[in-house]
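Asks: Sequence below, structure please.
(2 chains)
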Amino acid sequence: TQLLEQSPQFLSIQEGENLTVYCNSSSVFSSLQWYRQEPGEGPVLLVTVVTGGEVKKLKRLTFQFGDARKDSSLHITAAQPGDTGLYLCAGVTGGGNKLTFGTGTQLKVEL
Amino acid sequence: KAGVTQTPRYLIKTRGQQVTLSCSPISGHRSVSWYQQTPGQGLQFLFEYFSETQRNKGNFPGRFSGRQFSNSRSEMNVSTLELGDSALYLCASSQGGADTQYFGPGTRLTVL
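Replies: Next up, the predicted model:
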């Protein structure tokens, strides 16, 4: 069974702070995705990283895929209350659309 | 373009009953995947349907089943409900390959 462990599980910070969320696995994935989920809604895709060592930026969010394609990180600079939500990493393997989701990181950004 | 819709949004059932959930994918999408989300286990893959055929299956008991119709709409069925089946059931659609999946808002199932 492939497992994706995220850390930290919970994070409560003040507006303007920086933070990093980690997603680790013992398995290799063909690609890794990051989602954000808000209450009452389904997850929304933020980014897909495919190549080992790849770094992608989405405004204040920076995503990195590990060289061995087993881990990833999400860094948020100058967090805002609108960043509040559940952040999920998901690994993609093989064909089809089967996603293995991480354990999740609940982020709360306060004024 | 309308997003993924799921009906009903909320459902309350009792142990032993069965339930059917519905998912309408984005127009033109041929793949529909189902996931179960619980506080303890997180988001877990149930199964994926593509062109009316089950293409992938997760590690859930046979009480969980699904199907897809010719218009790509999908249903999932859970028979002999257990308390542990209480969860948010999410469906996601995509065009078909390993491309972006778009999630619906989910159906919140409570089993009493």
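Asks: pLDDT score for A:Cys89?
Replies: pLDDT recorded at A:Cys89 is 96.
Asks: Check which helix or strand it maps to.
Replies: strand A:85-92 (DSSP states H and E).
Asks: Check A:Phe29 too.
Replies: Counting by DSSP H and E, no helix or strand carries A:Phe29.
Asks: Relative to the strand holding A:Cys89, what are the paired strands and their orientations?
Replies: strand A:31-37 (antiparallel), strand A:99-101 (antiparallel), strand A:105-110 (antiparallel) (DSSP bridges).
Asks: pull the CA atoms of the last one into PDB?
Replies: What follows is strand A:105-110 as a C-alpha-only set of coordinates in PDB (Å, rounded to 0.1, in the frame of the first residue of the first chain):
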ATOM      1  CA  THR A 105      -2.500  19.600   6.400                       C
ATOM      2  CA  GLN A 106      -5.200  21.900   7.900                       C
ATOM      3  CA  LEU A 107      -3.900  25.500   7.600                       C
ATOM      4  CA  LYS A 108      -5.500  28.400   9.400                       C
ATOM      5  CA  VAL A 109      -4.200  31.900   8.800                       C
ATOM      6  CA  GLU A 110      -5.500  34.500  11.300                       C
END
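Asks: Next, the contact list for B:Gln44, please.
Replies: A:Phe101, B:Tyr35, B:Gln36, B:Gln37, B:Thr38, B:Gly58, B:Asn59, B:Phe60 (C-beta atoms under 8 Å, 6 or more residues apart in numbering or on different chains). (Each C-beta comes from the backbone N, C-alpha and C, glycine too.)
Asks: so does the worst-scoring helix or strand of chain B on mean pLDDT get close to chain A?
Replies: The helix or strand of chain B with the lowest confidence, counting by mean pLDDT, DSSP states H and E, is strand B:53-57 at a mean of 92. Yes - counting by C-beta under 8 Å from any C-beta of the partner chain, chain A is contacted by strand B:53-57 at B:Arg55, B:Asn56.
Asks: buried set for that strand?
Replies: For strand B:53-57, a neighbour-count test (16 or more other C-beta atoms under 10 Å in any protein chain shown) marks B:Arg55, B:Asn56 as buried.
Asks: Any chance you could list what contacts the following helix or strand past that strand?
Replies: Remark: after strand B:53-57, the chain's next helix or strand is strand B:64-68, criterion DSSP H and E. Residues outside strand B:64-68 that contact it (C-beta under 8 Å, 6+ apart) are B:32, B:34, B:46-47, B:49-54, B:74-79.
Asks: Thank you, goodbye.
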